[in-house]
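[1] Starting from these lines, generate the structure:
(chains A and B, ligands or ions: 1)
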Amino acid sequence: MVVRVTDVVCPFCGTLCDDLECDISDDGKKILEIYNACAIGAEKFMHSQSDDRLVLPRMRQEDGTWKSISYEEAVEFTAQMLTNAVKPLMYGWSSTNCEAQSMGSKVGELCGAQMDNTATVCHGSTLIAIQDAGVPSCTLGEIKNRADFVIFWGCNPAHAHPRHMSRYSIFPRGFFTGKGHKGRTFVVVDPRHTDTASLTDYHLPVEQGRDYELLSALRVVFHGEGDRLPEVVAGIPKETIIEVGEKMKAARFGCIFFGMGVTQSISKNHNIDMAINVTRDLNEFSKWSIMPMRGHYNVTGSGEVWGWQYGYPFCIDLSRGYARYNPGESSSNDLIERGELDAVFVLGSDPGAHFPFSAVKKMNKLPCVCVDPHITPTTVVADLHVPVAFVGVEVGGCAYRMDSVPIETHKVVDPPEGVLTDEEFLEKVYERMKEIKGV
Amino acid sequence: MEYIVKNGFVVDPVLGADCEKMDIAVRDGKIVDDAGPNAKVIDASGMLVMAGGVDIHSHSAGPKVNVGRNFRPEDKGNHPEFTRPRSGVKKMEAGFSVPTAYSSGYIFSRMGYGFATEAAMPPLYAKHTHEEMRDTPIIDEAALPVFGNNWFVLDYLKNHEIDNTASYIAWLLRVTKGYGIKCVNPGGTEAWAWGMNCITPKDPVPFFDITPEEIIKGLIEANEYLKLPHSMHLHSNSLGEPGNYQITIDSLKCAEGIKPAGDFNRDQVLHHTHLQFHCYGGDSYSSKSFESRSREVMDYINSVDNITFDIGQITLDETTTMTADGPFEYHLSHMNHLKWVNKDVELETAAGVVPFIYNPNSFIGVAQWAIGLELGLLAKDPMKCYVTTDAPNAGPVHRYPRVIKWLMSSKARDDILDACKYGESVRSQCYISELSDRELTLMDIAKMTRAGSAKALGLSHMFGSLKPGMEGDVSVYPINPVEDLGDPDKIEYAFGNAKYFIKSGELIIDNGEFVSNGNKRTFWVSHPMQLTDQVERDISERFKKYYTVTRNNYGVKEHHYVPNPYVIEVGA
Ligand code: SF4
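    Here you go, the predicted model:
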């Protein structure tokens, strides 16, 4: 008999949809069907069922081939590597649960690691801007229930967060938004003609890298000085800027969602600083919020956990027995490029695919352990690849949505026999490191 | 393990011990009459011994607290003396005004506190709050969910449906593992979702057709209907506004005629928090206008027996303000033009966070400082008045010892007024100079930090005294109460540096050193009232239509978030 499991949480993107339903076989081992998920979310569940799934750790051999080893051997290698390292990096933490993140902190404290998460290459600049300017924001339900004006700036949710627009931001009808899509003014700011942009009332194709200027121009409009703008700013005609700016002022409740188009283009955190100040200005006229489109389903959680444990959301240096923070110095790529590291441990992310090639080449020369259910570009440069259970599919645990709302993911099916979870693997490493260190 | 704390000067209002030389025995987590022969002896000769402190209102866990940490690296970097490396069993610490969860447990322990109340938990973020409390070592904690702007509550109270309100509250306490009813800027925070506010208790809440006054009264009634351990816990409208004292008195009057119900031995039906921010006269912050109205508010509180309050003492530090009073934080950000975080939470509440400096060289900072102390000095019954700094809003939590010093020493207060530029204006526009002969005793302090606050929380059967049968929380402070009280700095040092601290029968601080991370518990209240048909229907509809999480994914499961629960069963 097929069993239908409801309220399943999708462990893929920061939208963290929690209304999925799964049909599973009655032995509780096989997922047969996924409902409500988008294509990428469904694929994540289905991928856990693939036949070529790794169920044992594998160690790279001298000749470049891989040899399967036991989890005990994997624990031993990892514990030795981290204990012997002077300056190990423990990177990732964005595609795992808060329980594993907390266990990772224990390991990191014991070896004085450099702890960093994927924000370092995506919304780290946002975190820095928030340290400079704050952030007026809200939960996604506030958008659903109140927003009559929504802007996507430098992001393409139709592809990266496929259910965002239908669950929260553009299409749903909420308490004060009974007309749904029809009651919302929808703007996309993006040099690209994306699928998201094709749905809008206004698409502002800002010139690549000139977001700061466009944001500043909007502030000029808010301050009643729109007439004095040049004819064209950042590729957008003055009239359009004034028209959109005036509409923003007149909105009842608006929100700017922004993505890596602004965080990782030229100006970086200064773009976000300006976008935050645009939002702040708008609160003089009506109610406005701004929110980063966080990518991994629990990158937000990693920043939260470290926040309450160390006081900083990323780029944390634990080498002196207390937490230090200095992005640019204690950020992963800077550490790698300067050649300061002597070991790399990766869990819940794929720097092999996302770090600059020069950094990946350097990682390749360092002892490197990668914990990941999948074979990824990172596992290609690792010495040891430890496959683990899928969080949100084969083990539950807390995750934080892009608006920092905590949602507990669920176990839907059993992991393959003998496969450890992130948390279990880290705990074994921790216990072994304590033995080695005699503490 | 068994302990006997020998030869200390015990101050305990419940025992009636006022610097009496007594031995205190602890066994199996509780205070007992006599220790056995194997008890470890703790020599408290010449030192002060009290029950563990009980904090009724501070913010140390949850989403806005974590915003405060993450968006203020300078709160660590500018205060290297508050960054302490790990050592022995103790984990690393950091943070001046918003300490990390680890720090928080150690700070409370150093002050000899065994219990702390996180005073505002957004229900949607209950999991987050519990994750932080779980990682806060040693001390027992409880969190108060916020109700004063919750759509269910607004709808039920609009029609004065106390049974439906109560049914919803009982459910929410169960699913969020909450402890009691918090109400912040009733109606005003919902109005803030549209950029508006409710200034007085009579201002209607946009769309919901209800007033703050009806919300306050209704929540008090629902609280007594449910007979909860703690009373309704109120932060009233117009916090921090010049001239707000009448709004405060009008809000307090909502409790008139209501008597406490239930088995938890509290006398109040309304606890008003951080009262200092609510006792202002004048019509602006200018030194020509602003004045204290603490006496007017205290005249009312001293005349009734069903209200308690805590001070919310300004400590003249740089700190991080954070509150569910969204419009207030926006307003504050316009005063200092520093960074501003706002977070509106669907169907429930909002929060704001703004760094702030209470400048001892400004008139307003020192006037606020004076007003807080006036409240403590004017309170006729110290069992109804509690030491807090609304941490970190009016000052960091580690300043409690400094507040105690100011309350106990007229000289310490004069030192501040003499040193600051506007001392004379403050003396003339506040009541502080009229109170210069008032100095609180250790007995008063024990009431304001332990016996009274434990009673107001409905926990007088567990905390606040060293009577046999109570929880084994014992603080030994390095001060001789017979010889040393003339030196205010010794008072401050002692209350911040417990020489020994026993928590739930376990030695945590031994001769100034941490020797254990304790066995922290999370307190929550389980009430048997089930959902009425109406509330069941409403919850099911609203989760489908308006929340962005499903009903089944909303609650807090115990295993991970509350690994060591202490459940208070009401009516069991
Ligand atoms: S939008 Fe994101 S969280 Fe939702 S189903 Fe798709 S991948 Fe999963």
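[2] Could you report the neighbour count for the closest residue to A:Val232 other than its chain neighbours?
    Nearest residue to A:Val232, sequence neighbours excluded (C-beta to C-beta, 6 or more residues apart in numbering or on different chains): A:Lys238, at 6.7 Å. C-beta coordinates here come from the backbone N, C-alpha and C atoms, glycine included. The local packing of A:Lys238 (other C-beta atoms under 10 Å in any protein chain shown) involves 18 other residues.
[3] State the distance from the closest residue to B:Ser516 other than its chain neighbours to the ligand.
    Spatially, and ignoring its direct neighbours in sequence, B:Ser516 is nearest to B:Ile508 (5.2 Å; C-beta to C-beta, 6+ apart). Going from B:Ile508 to the ligand by C-beta to the nearest ligand atom, to the nearest Å gives 43 Å.
[4] In the stretch 201-350 of chain B, which residue sits nearest chain A?
    Residue nearest to chain A within the stretch 201-350 of chain B: B:Glu346 (2.8 Å; C-beta to the nearest C-beta).
[5] list the contacts for the residue nearest to that residue when sequence neighbours are not counted?
    Residue nearest to B:Glu346 in three dimensions, not counting chain neighbours: A:Gly141, with 2.8 Å by C-beta to C-beta, 6+ apart. The contact partners of A:Gly141, taken as C-beta atoms under 8 Å, 6 or more residues apart in numbering or on different chains, are A:168, A:174, B:345-347, B:546-548.
[6] thinking again about what came up before, could you list every residue that touches the residue nearest to B:Ser516?
    Counted by C-beta under 8 Å, 6+ apart, B:Ile508 has contacts B:109, B:138, B:501-502, B:514-518.
[7] Repeat that for B:Asn164.
    Per C-beta under 8 Å, 6+ apart, neighbours of B:Asn164: B:156, B:532, B:534-535.
[8] name the element it belongs to?
    helix B:162-176 (DSSP states H and E).
[9] still on that earlier bit, is it possible to export the contacts of B:Asn164 to a markdown table including neighbour count, secondary structure and distance to chain A?
    As requested, those are exported to a markdown table (neighbours: other C-beta atoms under 10 Å in any protein chain shown; DSSP: H, G, I helix; E, B strand; the rest coil; distance: C-beta to the nearest C-beta, whole Å):
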| residue | neighbour count | secondary structure | distance to chain A |
| --- | --- | --- | --- |
| B:Tyr156 | 26 | helix | 16 |
| B:Thr532 | 18 | coil | 22 |
| B:Gln534 | 15 | helix | 18 |
| B:Val535 | 22 | helix | 18 |
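[10] Go ahead and confirm B:Arg542 touches B:Asn150.
    No. Counting by C-beta atoms under 8 Å, B:Arg542 stays clear of B:Asn150, with 10.6 Å between them.
[11] Overlap of the contact sets of these two?
    Joint contacts of B:Arg542 and B:Asn150 (C-beta under 8 Å, 6+ apart) are B:Leu347.
[12] what's the nearest residue to A:Met433 if we skip its chain neighbours?
    A:Ala79 is the one closest to A:Met433 (C-beta to C-beta, 6+ apart), at 4.7 Å.
[13] count of neighbours near that neighbour?
    Count around A:Ala79 with other C-beta under 10 Å applied: 23.
[14] in the one helix or strand it maps to, what's buried?
    A:Ala79 is located in helix A:71-84, with elements delineated by DSSP H and E. Of the residues in helix A:71-84, A:71, A:74-83 count as buried by neighbour count, 16 or more other C-beta atoms under 10 Å in any protein chain shown.
[15] Packing partners of it?
    If you count contacts as 3 or more C-beta pairs under 8 Å, 6 or more residues apart in numbering or on different chains; DSSP states H and E, helix A:71-84 packs onto strand A:58-60, strand A:88-92, helix A:98-111, strand A:343-347, strand A:368-371, strand A:384-386, helix A:422-437.
[16] cutoff 7 Å now
    On a contact count with 3 or more C-beta pairs under 7 Å, 6 or more residues apart in numbering or on different chains; DSSP states H and E, helix A:71-84 meets helix A:98-111, strand A:343-347, strand A:384-386, helix A:422-437.
[17] and the closest residue to the ligand within the stretch 51-200 of chain A, how many neighbours?
    Nearest residue of the stretch 51-200 of chain A to the ligand (C-beta to the nearest ligand atom) works out as A:Arg163 at 3.6 Å. Using other C-beta under 10 Å, A:Arg163 has 21 other residues around it.
[18] from what I can see it touches A:Ala39, true?
    No. Using C-beta atoms under 7 Å, A:Arg163 is not in contact with A:Ala39; the gap is 10.2 Å.
[19] Please list the residues of chain A that sit near the ligand.
    Taking C-beta under 6 Å from any ligand atom, the part of chain A that reaches the ligand is made up of A:10, A:12-13, A:15-17, A:37-38, A:40-41, A:161-163.
[20] how about the residue of the stretch 451-572 of chain B at minimum distance from the ligand, secondary structure?
    Nearest residue of the stretch 451-572 of chain B to the ligand: B:Thr548, at 11.5 Å (C-beta to the nearest ligand atom). Here B:Thr548 takes the coil state, with states given by DSSP: H, G, I helix; E, B strand; the rest coil.
[21] any idea which helix or strand carries the residue nearest to it when sequence neighbours are not counted?
    Leaving aside its chain neighbours, B:Thr548 sits nearest to A:Gly141 (4.2 Å; criterion: C-beta to C-beta, 6+ apart). If you go by DSSP H and E, A:Gly141 is part of helix A:140-146.
[22] Next secondary structure after that helix?
    Next along from helix A:140-146, by DSSP H and E: strand A:149-153.
[23] Now the helix or strand that that following strand is followed by - C-alpha only, PDB.
    Note on strand A:149-153: by DSSP H and E, the next helix or strand toward the C-terminus is helix A:157-160. The C-alpha coordinates for helix A:157-160 follow below in PDB (Å, rounded to 0.1, in the frame of the first residue of the first chain):
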ATOM      1  CA  PRO A 157      13.100  33.500  -9.000                       C
ATOM      2  CA  ALA A 158      11.400  31.800 -12.000                       C
ATOM      3  CA  HIS A 159      14.500  29.600 -12.200                       C
ATOM      4  CA  ALA A 160      16.400  29.900  -8.900                       C
END
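[24] Point out where chain B drops to low pLDDT.
    The model of chain B has pLDDT under 70 over residues B:572.
[25] Swap in 90 and give it another go.
    The model of chain B has pLDDT under 90 over residues B:1, B:557-560, B:571-572.
[26] Could you list which residues are in contact with the residue nearest to A:Met433?
    Contact partners of A:Ala79, counting by C-beta atoms under 7 Å, 6 or more residues apart in numbering or on different chains, are A:429, A:432-433, A:436.
[27] Turn those residues into CSV, including pLDDT and neighbour count.
    As requested, these are exported to CSV (pLDDT from 0 to 100; neighbours: other C-beta atoms under 10 Å in any protein chain shown):
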residue, pLDDT, neighbour count
A:Val429, 98, 30
A:Arg432, 98, 18
A:Met433, 98, 20
A:Ile436, 98, 14
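[28] All the helices of the stretch 201-350 of chain B, residue numbers only.
    B:212-226, B:245-252, B:294-303, B:326-336 (DSSP state H, counting those that start in this stretch).
[29] Can you check which of the ones you listed gets nearest to B:Ile416?
    Of all the helices of the stretch 201-350 of chain B, it is helix B:294-303 that lies closest to B:Ile416, at 16.6 Å by C-beta to C-beta.
[30] Please consider this matter closed, and thank you.
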